[in-house]
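Student: Kindly generate the corresponding structure for this input.
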Amino acid sequence: MAKLNLLTDAECKNATAKGKAIRKLHDGGGLYLWVYADGRKYWRLRYVIAGKEKSLSFGVYPEVGLKPARKRRDEERRRLESNLDPSAERRAQKLRRSIAAANTFEAVAREWYEKQLHTWVPGHADDVKRRLERNAYPSIGRRPISDIEAPELLAALRPIEKRGAHDLAHRILQVCGQVFRYGIATGRCKRDIARDLRGALTPHQKRHQAAIRPEELPQLLRAIANYDRLGDKQTRLALELLVLTFVRTNELIGAEWTEFDTDAGLWIIPAARMKMNTEHLVPLSTQALAILEQLREIGGGSRFVFPGRNRDKPISNNTMLFALYRLGYKGKMTGHGFRAVASTCLNEMGFRADVIERQLAHSERNAVRGAYNRAEYLPERKKMMQAWAKHVETLRQGAKVIPFKTA
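Tutor: Model prediction:
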(Lines give C-alpha, C1' and ligand atoms only; values in the text may rest on other atoms or scores of the structure.)
Protein backbone atom coordinates (compact mmCIF):
# COMPACT_ATOMS: atom_id res chain seq x y z
CA MET A 1 0.00 0.00 0.00
CA ALA A 2 1.37 3.40 -0.98
CA LYS A 3 2.32 5.64 1.89
CA LEU A 4 0.01 8.68 2.25
CA ASN A 5 1.89 11.96 1.90
CA LEU A 6 0.50 14.29 4.57
CA LEU A 7 0.73 18.05 4.29
CA THR A 8 3.26 20.08 6.25
CA ASP A 9 2.96 23.60 7.59
CA ALA A 10 5.51 24.77 5.02
CA GLU A 11 3.55 23.20 2.15
CA CYS A 12 0.34 24.84 3.34
CA LYS A 13 2.06 28.21 3.64
CA ASN A 14 3.77 28.07 0.25
CA ALA A 15 1.01 26.36 -1.73
CA THR A 16 -0.18 28.02 -4.94
CA ALA A 17 -2.86 27.15 -7.48
CA LYS A 18 -0.18 26.51 -10.16
CA GLY A 19 -2.25 28.07 -12.89
CA LYS A 20 -5.48 26.29 -11.98
CA ALA A 21 -8.70 27.96 -10.83
CA ILE A 22 -8.68 25.71 -7.74
CA ARG A 23 -5.97 23.31 -6.62
CA LYS A 24 -6.95 20.73 -3.97
CA LEU A 25 -4.23 19.41 -1.63
CA HIS A 26 -5.14 16.20 0.19
CA ASP A 27 -4.13 15.62 3.84
CA GLY A 28 -5.87 12.29 4.47
CA GLY A 29 -9.18 11.30 6.00
CA GLY A 30 -11.04 13.47 3.52
CA LEU A 31 -9.34 16.73 4.59
CA TYR A 32 -8.32 19.05 1.74
CA LEU A 33 -6.76 22.47 1.46
CA TRP A 34 -8.37 24.29 -1.45
CA VAL A 35 -6.02 26.83 -2.99
CA TYR A 36 -7.56 29.44 -5.31
CA ALA A 37 -5.87 31.33 -8.13
CA ASP A 38 -6.11 34.62 -6.18
CA GLY A 39 -4.22 33.09 -3.23
CA ARG A 40 -7.15 32.34 -0.94
CA LYS A 41 -6.95 29.02 0.95
CA TYR A 42 -9.83 27.12 2.55
CA TRP A 43 -10.07 23.86 4.50
CA ARG A 44 -12.76 21.44 3.42
CA LEU A 45 -13.74 17.94 4.54
CA ARG A 46 -15.13 15.47 2.02
CA TYR A 47 -17.24 12.62 3.35
CA VAL A 48 -19.88 10.13 2.24
CA ILE A 49 -23.08 9.50 4.16
CA ALA A 50 -26.06 7.43 3.03
CA GLY A 51 -24.24 6.88 -0.28
CA LYS A 52 -24.04 10.59 -1.00
CA GLU A 53 -20.81 12.60 -1.17
CA LYS A 54 -20.80 15.88 0.73
CA SER A 55 -18.30 18.49 1.88
CA LEU A 56 -17.94 20.73 4.90
CA SER A 57 -15.96 23.96 5.27
CA PHE A 58 -13.53 24.26 8.20
CA GLY A 59 -12.45 27.86 7.72
CA VAL A 60 -9.71 29.94 6.12
CA TYR A 61 -5.99 29.20 6.21
CA PRO A 62 -3.87 30.48 7.98
CA GLU A 63 -6.54 31.65 10.51
CA VAL A 64 -7.25 27.93 10.92
CA GLY A 65 -3.89 26.13 10.97
CA LEU A 66 -3.02 22.60 9.94
CA LYS A 67 -3.27 21.06 13.42
CA PRO A 68 -6.68 22.62 14.28
CA ALA A 69 -8.00 21.51 10.89
CA ARG A 70 -6.90 17.91 11.55
CA LYS A 71 -8.45 18.02 15.02
CA ARG A 72 -11.74 19.21 13.57
CA ARG A 73 -11.56 16.47 10.89
CA ASP A 74 -11.16 13.80 13.58
CA GLU A 75 -14.12 15.19 15.55
CA GLU A 76 -16.36 15.16 12.49
CA ARG A 77 -15.22 11.62 11.62
CA ARG A 78 -16.33 10.41 15.05
CA ARG A 79 -19.74 11.96 14.40
CA LEU A 80 -19.91 10.20 11.05
CA GLU A 81 -19.20 6.88 12.75
CA SER A 82 -22.36 7.56 14.79
CA ASN A 83 -24.20 8.23 11.52
CA LEU A 84 -24.53 11.97 12.28
CA ASP A 85 -24.36 14.27 9.25
CA PRO A 86 -22.07 17.28 10.05
CA SER A 87 -23.73 19.42 7.37
CA ALA A 88 -27.19 18.75 8.78
CA GLU A 89 -25.95 19.54 12.29
CA ARG A 90 -24.43 22.80 11.10
CA ARG A 91 -27.71 23.79 9.43
CA ALA A 92 -29.55 22.94 12.64
CA GLN A 93 -27.13 25.07 14.67
CA LYS A 94 -27.56 27.96 12.25
CA LEU A 95 -31.33 27.64 12.53
CA ARG A 96 -31.12 27.59 16.34
CA ARG A 97 -28.95 30.72 16.29
CA SER A 98 -31.40 32.41 13.95
CA ILE A 99 -34.33 31.53 16.19
CA ALA A 100 -32.39 32.68 19.25
CA ALA A 101 -31.56 36.00 17.58
CA ALA A 102 -35.24 36.53 16.73
CA ASN A 103 -36.17 35.78 20.34
CA THR A 104 -33.89 38.23 22.13
CA PHE A 105 -35.57 40.89 24.23
CA GLU A 106 -34.51 43.57 21.73
CA ALA A 107 -35.86 41.64 18.74
CA VAL A 108 -39.21 41.06 20.44
CA ALA A 109 -39.34 44.66 21.68
CA ARG A 110 -38.68 46.09 18.22
CA GLU A 111 -41.33 43.84 16.73
CA TRP A 112 -43.82 44.93 19.41
CA TYR A 113 -42.88 48.58 18.83
CA GLU A 114 -43.61 48.35 15.10
CA LYS A 115 -47.01 46.81 15.85
CA GLN A 116 -47.92 49.70 18.18
CA LEU A 117 -46.38 52.53 16.18
CA HIS A 118 -49.44 53.45 14.11
CA THR A 119 -51.51 53.96 17.27
CA TRP A 120 -49.13 56.48 18.86
CA VAL A 121 -48.48 60.16 18.26
CA PRO A 122 -44.87 60.82 17.16
CA GLY A 123 -43.78 62.29 20.49
CA HIS A 124 -44.88 59.26 22.49
CA ALA A 125 -43.37 56.88 19.93
CA ASP A 126 -40.03 58.66 20.25
CA ASP A 127 -40.20 58.46 24.07
CA VAL A 128 -40.83 54.70 24.04
CA LYS A 129 -38.05 54.05 21.53
CA ARG A 130 -35.57 56.18 23.46
CA ARG A 131 -36.39 54.54 26.80
CA LEU A 132 -35.84 51.07 25.40
CA GLU A 133 -32.64 51.95 23.54
CA ARG A 134 -31.03 53.81 26.43
CA ASN A 135 -32.24 51.85 29.42
CA ALA A 136 -33.21 48.29 28.42
CA TYR A 137 -31.28 47.14 25.36
CA PRO A 138 -27.76 47.74 26.77
CA SER A 139 -28.37 45.34 29.69
CA ILE A 140 -30.96 42.78 28.54
CA GLY A 141 -31.38 43.47 24.82
CA ARG A 142 -29.28 40.51 23.61
CA ARG A 143 -30.65 38.04 26.13
CA PRO A 144 -33.25 35.47 24.99
CA ILE A 145 -36.49 36.88 26.33
CA SER A 146 -37.50 33.48 27.74
CA ASP A 147 -34.30 33.31 29.82
CA ILE A 148 -34.62 36.69 31.54
CA GLU A 149 -35.60 36.47 35.19
CA ALA A 150 -37.06 39.14 37.45
CA PRO A 151 -33.78 39.91 39.31
CA GLU A 152 -32.04 40.54 35.98
CA LEU A 153 -34.69 43.05 34.91
CA LEU A 154 -34.55 44.68 38.34
CA ALA A 155 -30.76 45.01 38.04
CA ALA A 156 -31.28 46.88 34.76
CA LEU A 157 -33.61 49.35 36.49
CA ARG A 158 -31.52 49.97 39.61
CA PRO A 159 -29.07 52.43 37.97
CA ILE A 160 -32.05 54.55 36.87
CA GLU A 161 -33.33 54.59 40.44
CA LYS A 162 -29.89 55.54 41.79
CA ARG A 163 -29.85 58.73 39.75
CA GLY A 164 -33.22 59.65 41.24
CA ALA A 165 -35.33 59.05 38.11
CA HIS A 166 -37.97 57.02 39.96
CA ASP A 167 -40.80 57.92 37.58
CA LEU A 168 -38.69 56.90 34.58
CA ALA A 169 -37.84 53.56 36.21
CA HIS A 170 -41.54 52.81 36.62
CA ARG A 171 -42.29 53.85 33.03
CA ILE A 172 -39.54 51.59 31.66
CA LEU A 173 -40.83 48.71 33.77
CA GLN A 174 -44.28 49.31 32.32
CA VAL A 175 -42.95 49.25 28.76
CA CYS A 176 -40.93 46.07 29.46
CA GLY A 177 -44.08 44.46 30.80
CA GLN A 178 -45.85 45.17 27.52
CA VAL A 179 -42.95 43.60 25.62
CA PHE A 180 -43.06 40.47 27.78
CA ARG A 181 -46.82 40.17 27.30
CA TYR A 182 -46.30 40.44 23.54
CA GLY A 183 -43.63 37.75 23.88
CA ILE A 184 -46.17 35.49 25.60
CA ALA A 185 -48.73 36.10 22.86
CA THR A 186 -46.21 35.24 20.13
CA GLY A 187 -44.83 32.15 21.89
CA ARG A 188 -41.38 33.56 22.74
CA CYS A 189 -41.74 33.49 26.55
CA LYS A 190 -44.11 32.04 29.09
CA ARG A 191 -44.68 34.85 31.62
CA ASP A 192 -44.47 38.57 32.24
CA ILE A 193 -41.66 38.89 34.78
CA ALA A 194 -42.38 42.63 35.12
CA ARG A 195 -45.35 41.65 37.28
CA ASP A 196 -42.94 40.00 39.72
CA LEU A 197 -41.31 43.39 40.36
CA ARG A 198 -44.39 45.06 41.78
CA GLY A 199 -43.29 46.80 44.94
CA ALA A 200 -39.59 46.29 44.16
CA LEU A 201 -38.99 49.80 42.80
CA THR A 202 -38.82 52.96 44.88
CA PRO A 203 -42.32 54.49 44.88
CA HIS A 204 -42.68 57.75 43.04
CA GLN A 205 -45.15 60.51 43.72
CA LYS A 206 -46.90 61.72 40.62
CA ARG A 207 -46.46 65.44 40.30
CA HIS A 208 -49.00 67.52 38.46
CA GLN A 209 -47.66 70.27 36.28
CA ALA A 210 -47.67 73.62 38.03
CA ALA A 211 -50.80 75.72 37.64
CA ILE A 212 -51.93 78.92 39.33
CA ARG A 213 -55.23 79.19 41.20
CA PRO A 214 -58.15 80.66 39.21
CA GLU A 215 -58.11 83.81 41.34
CA GLU A 216 -54.52 84.43 40.21
CA LEU A 217 -55.46 84.34 36.52
CA PRO A 218 -56.24 88.09 36.10
CA GLN A 219 -52.74 89.09 37.22
CA LEU A 220 -51.14 86.54 34.87
CA LEU A 221 -53.29 87.72 31.94
CA ARG A 222 -52.15 91.31 32.48
CA ALA A 223 -48.53 90.16 32.72
CA ILE A 224 -48.87 88.30 29.41
CA ALA A 225 -50.42 91.38 27.78
CA ASN A 226 -47.24 93.30 28.66
CA TYR A 227 -44.83 90.56 27.60
CA ASP A 228 -43.61 92.57 24.60
CA ARG A 229 -41.43 94.51 27.05
CA LEU A 230 -39.50 91.32 27.83
CA GLY A 231 -39.74 89.24 24.68
CA ASP A 232 -41.18 89.07 21.17
CA LYS A 233 -44.71 89.65 19.98
CA GLN A 234 -45.12 86.13 18.55
CA THR A 235 -44.50 84.53 21.95
CA ARG A 236 -47.01 86.87 23.58
CA LEU A 237 -49.62 85.97 20.97
CA ALA A 238 -48.82 82.26 21.47
CA LEU A 239 -49.49 82.59 25.20
CA GLU A 240 -52.73 84.47 24.55
CA LEU A 241 -53.93 81.86 22.05
CA LEU A 242 -53.00 79.10 24.49
CA VAL A 243 -55.17 80.77 27.13
CA LEU A 244 -58.12 80.99 24.75
CA THR A 245 -57.89 77.47 23.32
CA PHE A 246 -56.31 75.60 26.29
CA VAL A 247 -54.88 72.92 23.98
CA ARG A 248 -51.72 71.04 24.91
CA THR A 249 -48.55 73.05 24.36
CA ASN A 250 -47.15 70.73 21.68
CA GLU A 251 -50.48 70.89 19.82
CA LEU A 252 -50.23 74.67 19.74
CA ILE A 253 -46.60 75.06 18.70
CA GLY A 254 -46.95 72.51 15.89
CA ALA A 255 -50.03 74.20 14.41
CA GLU A 256 -50.00 74.71 10.63
CA TRP A 257 -52.15 77.18 8.70
CA THR A 258 -53.80 74.37 6.74
CA GLU A 259 -55.46 73.20 9.97
CA PHE A 260 -57.52 76.40 10.32
CA ASP A 261 -60.92 77.04 8.75
CA THR A 262 -61.32 80.68 9.75
CA ASP A 263 -64.61 81.02 7.85
CA ALA A 264 -66.14 78.27 9.98
CA GLY A 265 -64.26 79.44 13.07
CA LEU A 266 -62.64 76.04 13.58
CA TRP A 267 -59.16 74.72 14.21
CA ILE A 268 -59.01 71.08 13.09
CA ILE A 269 -56.01 69.39 14.73
CA PRO A 270 -55.18 66.18 12.84
CA ALA A 271 -55.11 62.86 14.65
CA ALA A 272 -51.37 62.45 14.11
CA ARG A 273 -50.71 65.42 16.39
CA MET A 274 -53.16 64.50 19.15
CA LYS A 275 -52.31 62.54 22.29
CA MET A 276 -55.35 60.29 21.79
CA ASN A 277 -54.57 59.92 18.08
CA THR A 278 -58.03 61.24 17.19
CA GLU A 279 -58.81 64.40 15.21
CA HIS A 280 -59.81 67.25 17.50
CA LEU A 281 -61.96 70.32 16.79
CA VAL A 282 -61.27 73.61 18.55
CA PRO A 283 -63.96 76.28 18.08
CA LEU A 284 -62.31 79.68 17.62
CA SER A 285 -63.69 82.72 19.39
CA THR A 286 -63.62 86.12 17.70
CA GLN A 287 -60.68 86.98 20.00
CA ALA A 288 -58.77 83.88 18.85
CA LEU A 289 -59.43 84.72 15.18
CA ALA A 290 -58.08 88.23 15.75
CA ILE A 291 -54.87 86.77 17.18
CA LEU A 292 -54.51 84.51 14.14
CA GLU A 293 -54.74 87.54 11.85
CA GLN A 294 -51.82 89.14 13.69
CA LEU A 295 -49.82 85.92 13.56
CA ARG A 296 -50.31 85.60 9.81
CA GLU A 297 -48.88 89.09 9.34
CA ILE A 298 -45.68 88.28 11.24
CA GLY A 299 -45.33 84.63 10.12
CA GLY A 300 -43.12 85.34 7.11
CA GLY A 301 -45.01 82.92 4.86
CA SER A 302 -44.09 79.85 6.94
CA ARG A 303 -46.51 76.94 6.93
CA PHE A 304 -46.29 77.00 10.72
CA VAL A 305 -48.39 79.40 12.75
CA PHE A 306 -45.47 79.79 15.17
CA PRO A 307 -42.29 79.45 13.08
CA GLY A 308 -38.93 79.42 14.80
CA ARG A 309 -35.72 81.05 13.59
CA ASN A 310 -35.69 78.39 10.92
CA ARG A 311 -39.01 79.20 9.23
CA ASP A 312 -39.39 75.55 8.20
CA LYS A 313 -39.64 74.48 11.84
CA PRO A 314 -41.92 75.62 14.68
CA ILE A 315 -40.78 77.23 17.92
CA SER A 316 -39.41 74.89 20.59
CA ASN A 317 -41.33 73.28 23.44
CA ASN A 318 -39.58 75.57 25.90
CA THR A 319 -40.45 78.89 24.26
CA MET A 320 -43.61 79.55 26.28
CA LEU A 321 -42.30 77.89 29.43
CA PHE A 322 -39.29 80.23 29.45
CA ALA A 323 -41.62 83.14 28.74
CA LEU A 324 -43.55 82.27 31.88
CA TYR A 325 -40.24 82.13 33.75
CA ARG A 326 -39.46 85.68 32.58
CA LEU A 327 -42.84 86.79 33.83
CA GLY A 328 -41.97 85.45 37.31
CA TYR A 329 -44.00 82.23 37.17
CA LYS A 330 -41.21 79.64 37.35
CA GLY A 331 -42.50 76.72 39.41
CA LYS A 332 -45.93 78.36 39.54
CA MET A 333 -47.31 77.95 36.02
CA THR A 334 -46.70 75.91 32.88
CA GLY A 335 -48.30 75.87 29.46
CA HIS A 336 -50.20 72.75 30.48
CA GLY A 337 -51.44 74.61 33.56
CA PHE A 338 -53.80 76.71 31.42
CA ARG A 339 -55.84 73.56 30.82
CA ALA A 340 -56.36 73.05 34.55
CA VAL A 341 -57.28 76.70 35.11
CA ALA A 342 -59.74 76.71 32.19
CA SER A 343 -61.35 73.48 33.39
CA THR A 344 -61.88 74.84 36.90
CA CYS A 345 -63.23 78.18 35.69
CA LEU A 346 -65.56 76.67 33.09
CA ASN A 347 -67.03 74.30 35.65
CA GLU A 348 -67.63 77.26 37.95
CA MET A 349 -69.24 79.14 35.05
CA GLY A 350 -71.86 76.39 34.83
CA PHE A 351 -70.86 74.52 31.68
CA ARG A 352 -71.52 70.80 31.60
CA ALA A 353 -68.61 68.60 32.61
CA ASP A 354 -68.99 66.40 29.51
CA VAL A 355 -68.70 69.42 27.24
CA ILE A 356 -65.61 70.68 29.05
CA GLU A 357 -63.94 67.26 29.01
CA ARG A 358 -64.65 66.86 25.31
CA GLN A 359 -63.06 70.22 24.57
CA LEU A 360 -60.04 69.25 26.65
CA ALA A 361 -59.77 66.12 24.45
CA HIS A 362 -60.02 63.93 27.53
CA SER A 363 -62.03 61.53 25.46
CA GLU A 364 -62.30 58.27 23.66
CA ARG A 365 -59.26 56.00 23.41
CA ASN A 366 -61.40 53.83 21.16
CA ALA A 367 -60.43 55.01 17.67
CA VAL A 368 -63.80 54.25 16.04
CA ARG A 369 -65.91 55.93 18.70
CA GLY A 370 -63.45 58.80 18.90
CA ALA A 371 -63.79 59.44 15.17
CA TYR A 372 -67.54 59.83 15.53
CA ASN A 373 -67.19 62.00 18.64
CA ARG A 374 -64.88 64.64 17.21
CA ALA A 375 -67.87 67.00 16.74
CA GLU A 376 -69.71 65.88 19.87
CA TYR A 377 -71.37 68.79 21.71
CA LEU A 378 -69.94 71.14 19.08
CA PRO A 379 -72.74 73.79 19.31
CA GLU A 380 -72.28 73.91 23.11
CA ARG A 381 -68.52 73.99 22.74
CA LYS A 382 -68.67 76.95 20.35
CA LYS A 383 -70.83 78.83 22.82
CA MET A 384 -68.53 77.87 25.68
CA MET A 385 -65.33 78.92 23.90
CA GLN A 386 -66.76 82.35 23.04
CA ALA A 387 -67.95 82.76 26.62
CA TRP A 388 -64.49 81.77 27.87
CA ALA A 389 -62.82 84.34 25.60
CA LYS A 390 -65.15 87.04 26.91
CA HIS A 391 -64.43 85.93 30.48
CA VAL A 392 -60.66 86.08 29.87
CA GLU A 393 -61.01 89.56 28.33
CA THR A 394 -62.99 90.79 31.31
CA LEU A 395 -60.46 89.39 33.77
CA ARG A 396 -57.55 91.01 31.95
CA GLN A 397 -59.27 94.38 31.95
CA GLY A 398 -59.94 94.10 35.67
CA ALA A 399 -63.68 94.56 35.30
CA LYS A 400 -66.19 92.90 37.57
CA VAL A 401 -66.94 89.36 36.45
CA ILE A 402 -70.57 88.41 36.03
CA PRO A 403 -70.93 84.62 36.42
CA PHE A 404 -72.03 82.90 33.22
CA LYS A 405 -74.89 80.48 33.57
CA THR A 406 -75.85 78.06 30.82
CA ALA A 407 -79.49 77.82 29.83
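Student: Going along the chain, name the strands of this protein.
Tutor: Using DSSP state E, the strands found in the chain span residues 22-28, 31-36, 41-49, 52-60, 260-261, 266-269, 280-283.
Student: Touching the fifth one from outside, list them.
Tutor: Looking back up the chat, that one is strand 260-261. With contact meaning C-beta atoms under 8 Å, 6 or more residues apart in numbering, strand 260-261 is reached by 266, 267, 268, 284, 292, 305. Every residue, glycine included, has its C-beta placed from N, CA and C.
Student: The same query, at a cut-off of 7 Å, please.
Tutor: With contacts defined as C-beta atoms under 7 Å, 6 or more residues apart in numbering, strand 260-261 is touched by 267, 268, 292.
Student: show me the residues around the last one that make contact.
Tutor: When the contact criterion is C-beta under 7 Å, 6+ apart, the partners of residue 292 are 260, 262.
Student: which intervals of the stretch 201-350 of the chain have sub-threshold pLDDT?
Tutor: Regions of the stretch 201-350 of the chain meeting the criterion pLDDT under 70 cover residues 205-208.
Student: on that earlier part again, just the contacts of strand 260-261 now: which is nearest residue 204?
Tutor: Using C-beta to C-beta, residue 267 comes nearest to residue 204 of the contacts of strand 260-261, at 35.3 Å.
Student: is it true that that closest one touches residue 288?
Tutor: No. Using C-beta atoms under 7 Å, residue 267 is not in contact with residue 288; the gap is 8.1 Å.
Student: Nearest to residue 233, out of the strands of the chain?
Tutor: If we rank these by C-beta to C-beta, the stretch that ends up nearest is strand 260-261, at 19.2 Å.
Student: where does the stretch 1-150 of the chain dip in pLDDT?
Tutor: In the stretch 1-150 of the chain, residues with pLDDT under 70: 1-4, 50, 82-101.
Student: and with 50 instead?
Tutor: The stretch 1-150 of the chain contains residues with pLDDT under 50 at 1-3.
Student: Please, where are all the helices along it?
Tutor: With DSSP state H, counting those that start in this stretch as the definition, the stretch 1-150 of the chain shows helices at residue ranges 9-14, 66-81, 86-102, 105-116, 122-135, 137-140, 150-162.
Student: do the same with the stretch 151-300 of the chain
Tutor: Using DSSP H, counting those that start in this stretch, helices in the stretch 151-300 of the chain cover 166-185, 217-225, 233-245, 249-253, 286-298.
Student: Tell me which other helices or strands the longest one touches.
Tutor: With contacts defined as 3 or more C-beta pairs under 7 Å, 6 or more residues apart in numbering; DSSP states H and E, the secondary structure elements packing on helix 166-185 are helix 105-116, helix 122-135, helix 150-162.
Student: Okay, buried residues for the longest one please.
Tutor: It refers to helix 122-135. Within helix 122-135, the residues scored as buried using 16 or more other C-beta atoms under 10 Å are 128, 129, 131, 132, 135.
Student: just those residues now: which is nearest residue 144?
Tutor: residue 132 (16.8 Å).
Student: Counting neighbours, what do you get for the nearest residue to that closest one once chain neighbours are set aside?
Tutor: Distances taken as C-beta to C-beta, 6 or more residues apart in numbering place residue 109 nearest to residue 132, at 5.6 Å, with adjacent residues excluded. For residue 109, the neighbour count with other C-beta atoms under 10 Å is 26.
Student: do the same with residue 145
Tutor: Counted with other C-beta under 10 Å, residues neighbouring residue 145 total 24.
Student: What spatial separation is found between it and residue 184?
Tutor: Counting by C-beta to C-beta, to the nearest Å, the gap from residue 145 to residue 184 is 10 Å.
Student: Flag every buried residue along stretch 13-22.
Tutor: Using 16+ other C-beta under 10 Å as the test for burial, stretch 13-22 gives 15, 17.
Student: how far does that stretch sit from the chain's center?
Tutor: Counting by C-alpha atoms, centre = their mean, to the nearest Å, stretch 13-22 is centred 55 Å from the centre of its parent chain.
Student: what's the straight distance from one end of it to the other?
Tutor: 16 Å (C-alpha to C-alpha, to the nearest Å).
Student: Any chance you could list what contacts that stretch?
Tutor: In contact with stretch 13-22 (C-beta under 7 Å, 6+ apart) are residues 23, 25, 33, 34, 35, 36, 37, 41.
Student: could you redo the last one with a cut-off of 6 Å?
Tutor: The contact list for stretch 13-22 (C-beta atoms under 6 Å, 6 or more residues apart in numbering) reads 23, 25, 34, 35, 36, 37.
Student: Just give me the closest of these to residue 7.
Tutor: Nearest to residue 7 among the contacts of stretch 13-22, with distances taken as C-beta to C-beta, is residue 25, at 6.0 Å.
Student: What residue spans form the domains of the protein?
Tutor: Structurally, the chain divides into domains by automatic domain parsing as follows: 9-84, 105-197, 214-397.
Student: quick one, which of these is nearest to residue 204?
Tutor: Nearest of those to residue 204, taken as C-beta to C-beta: domain 105-197 at 3.7 Å.
Student: What is the end-to-end distance of that closest one?
Tutor: The first and last residues of domain 105-197 sit 17 Å apart, counting by C-alpha to C-alpha.
Student: try stretch 261-279
Tutor: 14 Å.
Student: again with stretch 341-356
Tutor: End-to-end for stretch 341-356, by C-alpha to C-alpha: 12 Å.
Student: Make residue 1 into 49 and carry on from there
Tutor: Understood, numbering begins at 49; the last thing we discussed is stretch 389-404.
Student: Hmm, residue 409 is touching residue 327, no?
Tutor: No. Using C-beta atoms under 6 Å, residue 409 is not in contact with residue 327, being 10.0 Å away.
Student: Between these two, which has more neighbouring residues?
Tutor: residue 409 (23 against 18).
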